[in-house]
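Student: Task: produce atomic coordinates for the following.
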Amino acid sequence: MQNAERANDIMIPLKDYPYINTNCTLLDAMEVFDRTHLQINGKTSLPRVLLVFNENDDLMGIVRRRDILRGLEPDFLSSKSMGYRKMLFDVRIDPNLTELNYDHLIEEIKTKTQRTVDEILKPVKGTVTHEDHLGKIVYEMVENNVALIPVLDGETVVGVVRSVDVFDRIYHLLNE
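Tutor: Alright, predicted model coming up:
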């Protein structure tokens, strides 16, 4: 009988995973996403999530690429209903509509890049300990609808487990 797979066996150590501070700007976070390539089991992967810590190294939340995109949305769009926003970019109405205020749009986005990530971060929905087994990891990911879960040793974040790595591990276990 095999030893149970543990979070410690699957996780990416914190030293190898990108994270930022709460006072980083959205542009800073974009730069971290842009320059980070993870090497996991001989495969190159892009991170989809950044961990966000405060100045005391407490985990405050996560930031996904789509959170940044939402944070960059200009006021003239974010203050309107979703139906109105969809209409603005519906090229069936007028294919030139999206180009009318392109320079204005870019200027607003540039301004929004100076917001700090603490304005857009999402709380961490679940964690596992470094000793938790594969079943517990799967349960937490499914229960919390997350693709990445922080791994703790006591109160300290020591790494992360990504759903893609859990999926890969399960697939290989089934084929042994």
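Student: C-alpha only now, for contacts and for neighbours.
Tutor: Will do.
Student: how about the closest residue to K15 other than its chain neighbours, what does it touch?
Tutor: Using Cα to Cα, 6 or more residues apart in numbering and skipping the chain neighbours, the partner closest in space to K15 is G159 (7.7 Å). When contacts are counted by Cα atoms under 8 Å, 6 or more residues apart in numbering, G159 is found next to M11, I12, P13, L14, K15, Y17, P150, V151, L152.
Student: Buried only: go through the residues you listed for me.
Tutor: M11, I12, Y17, P150, V151, L152 (16 or more other Cα atoms under 10 Å).
Student: and those, which two are the farthest apart?
Tutor: Pairwise distances across those (Cα to Cα) peak at 14.2 Å, for the pair Y17 and L152.
Student: which residues of the chain score low on pLDDT?
Tutor: 1-2, 76-80, 85, 87-101 (pLDDT under 70).
Student: residue closest to the middle of it?
Tutor: With distances taken as Cα atoms, centre = their mean, V49 lies nearest the centre of the chain, 2.0 Å away.
Student: Now the closest residue to that residue other than its chain neighbours, what are its backbone angles?
Tutor: The spatially closest residue to V49, leaving aside those adjacent along the chain, is R64, at 4.5 Å (Cα to Cα, 6+ apart). Backbone torsions of R64, given as degrees, to the nearest 10, read phi -100, psi 160.
Student: T25 now?
Tutor: Dihedral angles for T25 - degrees, to the nearest 10 - are phi -80, psi 170.
Student: Distance check, the residue nearest to V49 against I106.
Tutor: R64 sits at a distance of 21 Å from I106 (criterion: Cα to Cα, to the nearest Å).
Student: neighbour count winner among those two?
Tutor: R64 (18 against 13; other Cα atoms under 10 Å).
Student: where's the more buried one relative to V117, distance?
Tutor: 10 Å.
Student: how close does the residue nearest to K125 when sequence neighbours are not counted get to L121?
Tutor: Among residues not flanking K125 along the chain, N144 sits closest, at 6.0 Å (Cα to Cα, 6+ apart). Between N144 and L121 the computed distance is 16 Å (Cα to Cα).
Student: Neighbour count for the two, which is higher?
Tutor: L121 (20 against 14).
Student: nearest residue to that one other than its sequence neighbours?
Tutor: Here the residue nearest L121, using Cα to Cα, 6+ apart, is V63, at 5.0 Å.
Student: isn't there a strand covering that neighbour?
Tutor: Yes. Assessed by DSSP: H, G, I helix; E, B strand; the rest coil, V63 belongs to a strand.
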